[in-house]
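In: need the 3D shape of this:
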Amino acid sequence: MDKMSHNETNSEINNTQPRPIIWSIAGSDCSGGAGIQADVKTANALGCEICTIITANTVQNSTKLVAIHPIEVTTLQQQFDCLLADKMPKAVKIGLIANNEQLKWLIQSLKTLKQNQPGLVIVYDPVMKASVGKHLIEEKIQQNLMDELLTLLDVITPNIPEAARLANDTQQTLTSEQWANTILKKGCKTVVITGGHSENSGSVIDQCFCDPLQIKLTSPRVNTSYGHGSGCTFSTALTSFLAQNYLLRDAFIQSKAFINKAFKLSANHHGYYGALIQPSWPVEKSCYPQVINKQDSNSEFALTFPSLGIKNLGLYPVVDSIEWLETLLPMGLEIIQIRLKNKTEAELDSLIQQAVELSQNHSTRLFINDHWQLAIKHKAYGIHLGQEDIQDADLATIHQAGLRLGISTHGSYELKLAEQTQPSYLAVGAIFPTPTKDMTGQIQGLDNLQQLVNLNG
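Out: Below is the predicted model:
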């Protein structure tokens with residue numbers, strides 16, 4: 001059962017949980033492939049309710065763009081007011097803005113929305129050209145208006161030519177990182193540059209820049225002529241995941257998995273330029289991109305850590321004292337983790353030595369949280385690291401010492417990243433809300449847990 005059907009089954013039993021509402025402010029594509037039409041199909045596939053404010057009616061088909069008919073601002077305002085009174089959005093996706101008058105209206109409308117809806121997420125797909133090559137914007141956009149719009153955005157999703165143009169690099173002489181930094185300095189919080197327009201025939205690299213975060217994903221390029229609407233689909237998928245409270249990194253990787261799944265469905269279509277097929281929720285491991293880690297060149301990422309030698313972990317307590325170890329170790333549990341916080345280095349050294357010595361009299365496998373140097377010194381069974389700790393730890397030394405390695409993951413992005421390290425086990429959490437630490441945006445729930453199990457294979 002894929003995630004979408006799983007969610008639908010739940011909704012039949014409990015329909016008290018409304019689908020998150022997103023607004024699409026974009027143009028209508030009469031050929032059905034891009035714009036509002038792609039947005040509606042994508043949002044529905046990913047479990048969101050979508051409302052639309054149509055900025056222009058385009059006359060186009062698979063071979064040509066004949067005409068663009070912008071909608072009057074008075075009509076846009078009427079649509080806006082009507083929705084504002086009844087269906088407040090969790091997120092807004094912006095597509096085609098046909099002229100400066102519409103852009104002025106949009107800026108004021110977004111400011112009004114932000115005042116009425118704290119936490120509103122705004123995603124902009126800067127549509128500049130139709131797939132058949134003709135410009136969609138009927139006049140040159142004023143730079144001061146575009147700069148003001150950028151200050152209101154949470155995410156912008158340009159392709160390579162669009163990113164260069166937004167960064168005023170018409171000859172494309174700069175790097176993607178330089179384009180992104182230029183856009184970020186104008187006030188946009190996150191820049192996602194899609195890689196479909198690159199000249200690399202074998203793979204596509206998509207990049208997310210959110211100072212100081214940089215995420216790179218790579219996927220095999222699918223050779224198909226059914227790509228009409230892929231940019232709109234990606235940006236709406238990203239909006240849909242963000243509207244469902246996914247962290248940016250997870251929304252990014254899952255949106256790319258959704259696009260990869262769509263292209264796979266279209267892989268055998270050639271010769272006729274058709275519309276992208278919007279698929280169901282991406283649960284298949286084969287659809288997910290690989291994370292390009294800045295440390296990929298390091299040989300430690302070719303390591304495979306030893307197995308635990310057990311079929312399942314069973315009850316896995318995480319304790320914070322020697323006293324708890326003394327209580328639990330006689331119970332014959334397969335595994336226990338000790339997590340020591342707010343201790344001096346000398347105290348940690350003594351406590352970890354005691355913990356390891358205690359565990360040696362029992363069959364329980366003891367994992368030390370974080371303090372890998374002391375775990376090696378005192379010959380612990382294993383070490384447990386969080387994602388941030390992996391970046392600083394010497395994995396090759398841990399591996400050479402013969403320790404098992406467990407890694408915490410919170411969502412699909414961290415799961416794919418952790419897979420590169422080949423740990424002894426992966427921890428997923430938190431599944432349910434916890435008062436013990438701040439897990440903002442990281443509560444997985446049972447549906448996500450099922451998806452992560454599928455991704456882990």
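
In: alpha carbons only for contacts and neighbour counts from here, please
Out: Fine.

In: got the CA positions of stretch 46-55 in PDB?
Out: Taking Å, rounded to 0.1, in the frame of the first residue of the first chain, the C-alpha atoms of stretch 46-55 are listed here in PDB:
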ATOM      1  CA  LEU A  46       0.000  14.900  -2.600                       C
ATOM      2  CA  GLY A  47      -2.900  15.300  -0.300                       C
ATOM      3  CA  CYS A  48      -3.600  19.000  -0.400                       C
ATOM      4  CA  GLU A  49      -6.600  21.100  -1.200                       C
ATOM      5  CA  ILE A  50      -5.800  23.700  -3.800                       C
ATOM      6  CA  CYS A  51      -7.400  27.000  -4.600                       C
ATOM      7  CA  THR A  52      -6.500  29.000  -7.700                       C
ATOM      8  CA  ILE A  53      -6.100  32.600  -8.700                       C
ATOM      9  CA  ILE A  54      -5.600  32.700 -12.500                       C
ATOM     10  CA  THR A  55      -3.200  35.500 -13.700                       C
END
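
In: how far off centre is that stretch?
Out: 20 Å (Cα atoms, centre = their mean, to the nearest Å).

In: contacts for that stretch next, please.
Out: Taking contacts as Cα atoms under 8 Å, 6 or more residues apart in numbering, the residues outside stretch 46-55 that touch it are 4, 19-28, 36, 40, 43-44, 70-71, 76, 79-80, 83, 96-98, 102, 237, 240-241, 280-281.

In: likewise for stretch 411-421?
Out: Taking Cα under 8 Å, 6+ apart as the rule, stretch 411-421 contacts 249-250, 253-254, 290-291, 293, 300-304, 387, 407, 409, 426, 428-429, 442, 444, 448, 452, 455-456.

In: sorry, back to before: in ChimeraX, select just the buried ones from the contacts of stretch 46-55.
Out: Buried residues among the contacts of stretch 46-55 (16 or more other Cα atoms under 10 Å), as a ChimeraX selection:
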select :4,19,20,21,22,23,24,25,26,27,28,36,40,43,44,70,71,76,80,83,96,97,98,102,237,240,241,280,281
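
In: and the contacts of stretch 46-55, which of them are in strands?
Out: 21-28, 70 (DSSP state E).

In: residue 58: which of these is nearest?
Out: When the ones in strands among the contacts of stretch 46-55 are compared for distance to residue 58 (Cα to Cα), residue 28 wins out at 6.0 Å.

In: check contacts around residue 22.
Out: 48-51, 89-93, 239-240, 243.

In: could you rerun that using 7 Å?
Out: The neighbours of residue 22, taking Cα atoms under 7 Å, 6 or more residues apart in numbering as the test, are 48-51, 89-92.

In: low-confidence regions, the stretch 1-150 of the chain specifically.
Out: 1-16, 129-139 (pLDDT under 70).

In: repeat that for the stretch 251-400 of the chain.
Out: For the stretch 251-400 of the chain, the ranges with pLDDT under 70 are 294-302.

In: could you rerun that using 90?
Out: 265-277, 283-285, 292-304, 309-316, 332, 361, 363, 387-392 (pLDDT under 90).
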